[in-house]
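Engineer: quick check, what structure comes out for this input:
(one chain, ligands or ions: 4)
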Amino acid sequence: MKIKATISTLLCLMISFMQIVSAQYPCDPATAATNLDVNNVNATITNGANLWGGSYVVPKPSASSGLPEISAIAGGGIWIGGFDPGGNIKLAATTFGVGAGGVDYYPGPLTESGETSLNTCNNFDYIWSITGADIASHRADWWDNGTIDGPIPSSVLRWPARGNPDFSAIFGFELPATEQGAAPFQDRNNDGLYSPYDGDYPDINGADQAHWMVFNDTGNEHFETGGIATNFEIQVLAYSFESNEPAVNNATFYDYKFINRGIETLEDLVIGIWIDPALGCPADDYVGCFPENDIAFIYNQDAIDGENDCSCPGGVNTYCEEIPVVGVKIVKGISVVRVFGENGELEIPESWESPDTVIRTKMNNFMVWDGPVVPSGSSLDFDYYSLLTGNWTDGTPLTTGGNGYNPGSTDYTNFAYSGNPSIDTAWSMCSENTMADPQMLMGFEPFRLEPGAVNDLTFAVIYTADVAYPCPDLSVLQEVGDEIDDFFNKGFSTEEKTPIYKQSSLTLSPNPFTNQTQLRLVNQNEQLSSVQVYSISGQLIRTYNSLSANSLAIEKGNLTTGMYFYKALSKDGKAYSGKFVVN
Ligand SMILES: [Ca+2]
Ligand SMILES: [Ca+2]
Ligand SMILES: [Ca+2]
Ligand SMILES: [Ca+2]
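Structural biologist: Ligands and ions are numbered 1, 2, ... in the order given. A predicted model of the protein is given here:
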């Protein structure tokens with residue numbers, strides 16, 4: 001009895017010691033969430049493990065229609081696995097998140113030596129949002145006369161880009177100024193620092209709406225996988241476009257930037273995009289892929305979305321008889337290095353070879369399974385890594401046919417269910433009639449990442465309503481994917497043309513003034529329509545409406561000493577802006 005008690009006490013001590021050692025930072029999983037909803041999609045965006053937090057609504061019903069919101073995807077997230085120089089596996093992944101027992105990811109950036117703190121985690125449990133309209137207004141301010149007259153939209157002032165001079169005053173904490181940077185921006189004066197006062201502006205690829213967030217796998221233990229932290233910082237820009245092109249108007253885009261904040265080079269790093277479909281009712285979903293198009297897709301098992309009829313267990317809204325198809329399209333894959341072979345062909349370099357070039361990779365493998373990751377019984381992190389590399393958790397390679405798990409078969413493939421469901425001789429979930437609540441994982445080619453080095457990728461979630469069930473012909477989704485490629489490859493025209501400074505067409509005099517100043521349009525035939533006065537912090541403090549004169553007298557009145565911005569609109573719709581000082 002005595003011995004038993006001693007052993008269990010020792011065990012308790014050991015366990016609590018292990019917890020102290022591994023839970024270096026007691027960070028909580030992220031809670032911040034917002035909506036990406038400017039076009040025909042209303043996607044919940046959350047910071048951390050599950051990108052969509054359970055809701056990806058497409059098509060987006062208008063508020064007045066009274067139609068229910070139907071979601072197409074339950075979850076999505078990033079898997080990363082690789083090896084340190086000692087051959088130890090480092091791995092982070094996500095599946096069903098906090099509700100299912102835990103996560104590997106925590107909010108916030110890491111320091112250059114791969115560290116974080118509880119304060120940093122809490123401070124960055126946040127998502128920064130901006131619209132294309134705010135950026136356009138700010139760019140127009142610079143464009144008109146080569147100076148920022150303001151007021152600068154608050155989303156532009158708040159943008160968490162490297163060097164933002166107002167960031168700590170606005171948020172009460174510092175934004176790290178590491179060389180890998182934070183939120184993307186166009187650096188007009190090329191000094192490496194974001195200052196909206198110099199005409200720098202957030203770079204959201206020309207989108208109409210964007211959200212930015214940052215997380216890591218170091219803030220606490222890996223409750224999902226038990227893996228050792230990769231010490232990766234992951235920055236995400238989620239964005240979408242209002243467009244007359246249906247393919248674009250039905251899509252959302254995601255830029256992922258991966259920074260190795262650890263002190264060691266990681267080898268054989270594989271990054272994967274995990275998706276948990278729930279196309280309306282999750283009980284009757286199928287998935288597959290088109291490797292040549294870099295697309296993974298989600299479609300319905302049968303012609304009616306729901307279990308027996310259009311209803312679904314748990315009261316989940318269903319697509320009923322009008323069931324779309326949703327896909328994940330790799331727009332820009334992970335970059336990897338290559339050497340030129342004897343005939344100029346691209347080859348993977350040996351460890352001693354220095355690379356000749358860098359290429360963007362396509363989807364390298366595609367795995368599909370049902371329910372939680374099946375533990376092999378050895379080590380859970382290796383199980384996740386096996387799936388990332390196109391193998392089952394027990395090491396059996398993916399092979400063609402059935403559900404892809406065919407021990408003894410040598411019909412190896414990288415891609416599960418890679419046939420068009422409408423072709424009954426091709427391998428699809430429709431032709432196999434297998435499980436009906438699958439998850440999928442799109443894996444990339446292995447690469448190496450040195451400390452401080454960066455890799456990135458972009459994917460889009462694409463959609464088409466135009467398919468006939470059951471076993472639909474999904475070539476239409478390939479066309480949507482091609483349109484997305486065209487759109488993306490056209491470039492987003494974020495480059496500024498050389499501005500033509502216009503002669504000021506509006507004067508304000510005297511400036512500074514003590515009692516009164518005159519705002520006057522230079523063109524005698526032009527008339528003012530309205531004028532707004534803003535405080536230095538951008539707060540609207542005075543409005544002159546229904547004007548119809550060439551000039552306006554601005555009285556000091558209740559304006560305290562200091563600088564103000566004004567915006568003036570002429571009768572024929574020209575906008576002017578500037579600043580004045582009250583003595
Ligand atoms: Ca200006
Ligand atoms: Ca700058
Ligand atoms: Ca379904
Ligand atoms: Ca059904």
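Engineer: show me where the protein has its helices.
Structural biologist: Ranges of helices in the chain, per DSSP state H, are 2-22, 118-123, 132-145, 154-158, 167-171, 246-249, 380-388, 429-432, 475-489.
Engineer: can you list those helices in CSV and add mean neighbour count?
Structural biologist: Glycine gets a C-beta too; all of them are placed from N, C-alpha and C. Compiled in CSV, the helices of the chain are given as follows (neighbours: other Cβ atoms under 10 Å):
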stretch, mean neighbour count
helix 2-22, 10
helix 118-123, 18
helix 132-145, 19
helix 154-158, 20
helix 167-171, 14
helix 246-249, 19
helix 380-388, 23
helix 429-432, 20
helix 475-489, 18
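Engineer: domain ranges for the chain?
Structural biologist: The chain breaks down by automatic domain parsing into domains covering 33-127+208-489, 128-202, 506-582.
Engineer: out of those, which comes closest to Y25?
Structural biologist: Across the domains of the chain, Y25 has its closest neighbour in domain 33-127+208-489 (5.0 Å, Cβ to Cβ).
Engineer: okay, now C27: neighbour count?
Structural biologist: C27 has 26 neighbours, counted by other Cβ atoms under 10 Å.
Engineer: isn't it up against Y105?
Structural biologist: No: at 9.7 Å, C27 does not count as touching Y105 under the criterion of Cβ atoms under 8 Å.
Engineer: give the residues shared as contacts by the two.
Structural biologist: G219 (Cβ atoms under 8 Å, 6 or more residues apart in numbering).
Engineer: what does stretch 417-435 rub up against?
Structural biologist: Under the contact criterion Cβ under 8 Å, 6+ apart, stretch 417-435 has outside partners 286-291, 299, 301, 366, 368, 370, 400-404, 438, 470-475.
Engineer: in ChimeraX, how would I select just the buried ones from those?
Structural biologist: Entered in ChimeraX, the line below selects the buried ones among these, by 16 or more other Cβ atoms under 10 Å:
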select :286,287,288,289,290,291,299,301,366,368,400,403,404,438,471,472,474
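Engineer: close enough to count as contact, L528 and A568?
Structural biologist: Yes: L528 lies in contact with A568 (Cβ under 8 Å); the separation is 6.0 Å.
Engineer: common neighbours of these two, please.
Structural biologist: Applying Cβ under 8 Å, 6+ apart, one finds that L528 and A568 are jointly contacted by L519, L552.
Engineer: got the buried residues for stretch 446-455?
Structural biologist: Neighbour-count burial for stretch 446-455 flags P446, F447, R448, L449, P451, V454, N455 (criterion: 16+ other Cβ under 10 Å).
Engineer: stretch 335-345 too?
Structural biologist: S335, V336, V337, R338.
Engineer: so what sits opposite the last one in the bridge?
Structural biologist: Assessed by DSSP bridges, R338 has beta-bridge partners T357.
Engineer: that one against S354, yeah?
Structural biologist: No: assessed by Cβ under 8 Å, R338 is found out of contact with S354, at 11.3 Å.
Engineer: ligand 1 contacts on this structure?
Structural biologist: The chain has residues D141, D144, N145, D149 near ligand 1, with proximity defined as Cβ under 5 Å from the ion.
Engineer: contacting residues for the first one?
Structural biologist: For D141, the set of contacting residues under the criterion of Cβ under 8 Å, 6+ apart consists of I148, D149, G150, I152, S577.
Engineer: list the contacts for the third one?
Structural biologist: Going back to what we said before, that points to G150. The contact partners of G150, by Cβ under 8 Å, 6+ apart, come to D141, Y534, I536, G538, F565, S577, K579.
Engineer: neighbours of the second one, how many?
Structural biologist: Here the neighbour count serves as a burial measure; for Y534 (other Cβ under 10 Å) it reads 19.
Engineer: which residues sit in contact with it?
Structural biologist: Going by Cβ under 8 Å, 6+ apart, Y534 touches G150, P151, L540, I541, Y564, F565, Y566, K567.
Engineer: let's see 7 Å
Structural biologist: Residues in contact with Y534 (Cβ atoms under 7 Å, 6 or more residues apart in numbering) are P151, L540, I541, Y564, F565.
Engineer: out of these, who's nearest ligand 1?
Structural biologist: F565 (10.1 Å; Cβ to the ion).
Engineer: hang on, the closest one packs against V581?
Structural biologist: No: distance between F565 and V581: 11.0 Å, which falls outside the contact criterion (Cβ atoms under 7 Å).
Engineer: show me which of those two is the more surrounded one.
Structural biologist: Neighbours per residue (other Cβ under 10 Å) separate F565 from V581, with F565 holding more: 23 against 13.
Engineer: and the pLDDT at the more buried one?
Structural biologist: Predicted confidence (pLDDT) for F565: 84.
Engineer: which of the domains of the chain has the lowest average pLDDT?
Structural biologist: Of all these, domain 506-582 carries the lowest average pLDDT, namely a mean of 86.
Engineer: in the stretch 351-500 of the chain, what residue is nearest ligand 4?
Structural biologist: A436 (8.5 Å).
Engineer: separation between that residue and ligand 1?
Structural biologist: Distance of A436 to ligand 1, given as Cβ to the ion, to the nearest Å: 58 Å.
Engineer: so that residue makes contact with C281?
Structural biologist: No: when contacts are counted by Cβ under 7 Å, A436 is not listed as touching C281 (9.8 Å).
Engineer: how about the residues of this protein by ligand 4?
Structural biologist: The chain has residues D284, D302, I304 near ligand 4, with proximity defined as Cβ under 5 Å from the ion.
Engineer: make TSV from these and add neighbour count to it.
Structural biologist: Below are the residues of the chain next to ligand 4 laid out as TSV (neighbours: other Cβ under 10 Å):
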residue	neighbour count
D284	19
D302	14
I304	20
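Engineer: run through the residues you listed and flag the ones next to ligand 3.
Structural biologist: Near ligand 3, judged by Cβ under 5 Å from the ion, the entries from the residues of the chain next to ligand 4 are D284.
Engineer: before we move on, back to that, neighbour count winner among A436 and C281?
Structural biologist: The neighbour count for A436 versus C281, taken as other Cβ under 10 Å, is higher for C281 (27 against 17).
Engineer: phi, psi of that one?
Structural biologist: Torsion angles at C281 (phi, psi; degrees, to the nearest 10) stand at phi -70, psi 120.
Engineer: ok, now which ones touch it?
Structural biologist: Taking Cβ under 7 Å, 6+ apart, we find C281 in contact with D305, G306, E307, C312, V316, T318.
Engineer: so for the residue of the chain found nearest ligand 4, what's the nearest residue that isn't a sequence neighbour?
Structural biologist: Nearest to ligand 4 in the chain, going by Cβ to the ion, is D284, at a distance of 3.8 Å. Spatial nearest neighbour of D284, excluding adjacent residues (Cβ to Cβ, 6 or more residues apart in numbering): Q301 at 4.0 Å.
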